[in-house]
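*Asks:* Make a model of this:
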Amino acid sequence: MQFGLIEMWQAMGAVAKAVAFILIGLSIISIYLFIERQIIFFRARAKSKLVAPKLADLMKAGQIKEALNLSSKKEFNVSHLARITAAGIREFFEGKEANLSMQEQVETAQRGCERAAIIFTQELKRGTNVLATIATSAPFIGLFGTIAGIINAFRGMALTGSGGIGAVAQGIAEALITTAFGIGVAIIALWCYNFLTTKIDTYGAEMANTTSQIVDFFVRKEKKA
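*Replies:* Residues are numbered from 1 along each chain as shown. Modelled structure (predicted):
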């Protein structure tokens, strides 16, 4: 038996091939989710870089309504900083309309920012649970193929009545291939998951910083009032 990829594939049993197809599908899903999340992160970063300086200038100038109008525009809906700013200002105005005290308005604005940050974080995390599931389950799926390969190895021994390498080579090859494939898919999914999680944490820190800046702005406004 030759041990090229084509020869090994042709020699694999139905169970091992099914396991290989599943693992190939999982690897494609992992790569797709990674690329799709990267596009979402890139859009959020690009739009935030565009709108953040404008919002900062408007807030410093005391043009709060103009800042709300800008951050509420549809084109900036993908920006995490714009979403936080819009939520905070909107809640501040609603608190003002409800005749809340200045301190209560500030607290309302802070809670609005925090709620928006939680919602946006959940949007960023979309698909990462799938990557985590693939990372943890792929080795076990590969192990299923390993068991099937070992069973084929014992079947070969029973059919030939011999324990020689030729009798068990095909089954052992199946076992090793599916094991390696499962581990490889798990590594890919785990790397993608960790990379995306790190980026989400970074965006979370930026949203927390924006929330703090908005609250500080309204606190200073309260002191001046």
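*Asks:* For the residue nearest to residue 134 when sequence neighbours are not counted, identify the helix or strand it belongs to.
*Replies:* Nearest residue to residue 134 in three dimensions, chain neighbours excluded: residue 189, at 4.0 Å (CB to CB, 6 or more residues apart in numbering). Backbone N, C-alpha and C define where each C-beta goes, glycine included. Following DSSP states H and E, one finds residue 189 within helix 165-224.
*Asks:* next one: residue 99
*Replies:* Residue 99 belongs to no helix or strand, assigned by DSSP H and E.
*Asks:* Angles on the backbone of it, please.
*Replies:* With angles defined as degrees, to the nearest 10, residue 99 sits at phi 60, psi 40.
*Asks:* Can you give me the distance of it to residue 201?
*Replies:* For residue 99, the distance to residue 201 equals 39 Å [CB to CB, to the nearest Å].
*Asks:* In terms of neighbours, single out the busier of those two.
*Replies:* residue 201 (12 against 8; other CB atoms under 10 Å).
*Asks:* who's in contact with the closest residue to residue 140 other than its chain neighbours?
*Replies:* Take residue 140 and drop its neighbours on the chain: the residue closest to it by CB to CB, 6+ apart is residue 182, 7.4 Å away. Shown in contact with residue 182 (CB atoms under 8 Å, 6 or more residues apart in numbering): 19, 23, 138, 139, 140, 141, 142, 143, 145.
*Asks:* now swap in residue 186 and tell me
*Replies:* Per CB under 8 Å, 6+ apart, neighbours of residue 186: 134, 135, 136, 138, 139.
*Asks:* what's the closest of these to residue 73?
*Replies:* residue 134 (36.9 Å; CB to CB).
*Asks:* and the gap between the closest one and residue 99?
*Replies:* Per CB to CB, residue 134 is found 52 Å from residue 99.
*Asks:* For the chain, name the helix or strand with the lowest mean pLDDT.
*Replies:* Least confident element among the helices and strands of the chain, by mean pLDDT, DSSP states H and E: helix 5-11 (a mean of 61).
*Asks:* average pLDDT for the helix or strand that that helix is followed by?
*Replies:* As assigned by DSSP H and E, the chain's next helix or strand after helix 5-11 is helix 14-60. Here helix 14-60 scores 92 as its mean pLDDT.
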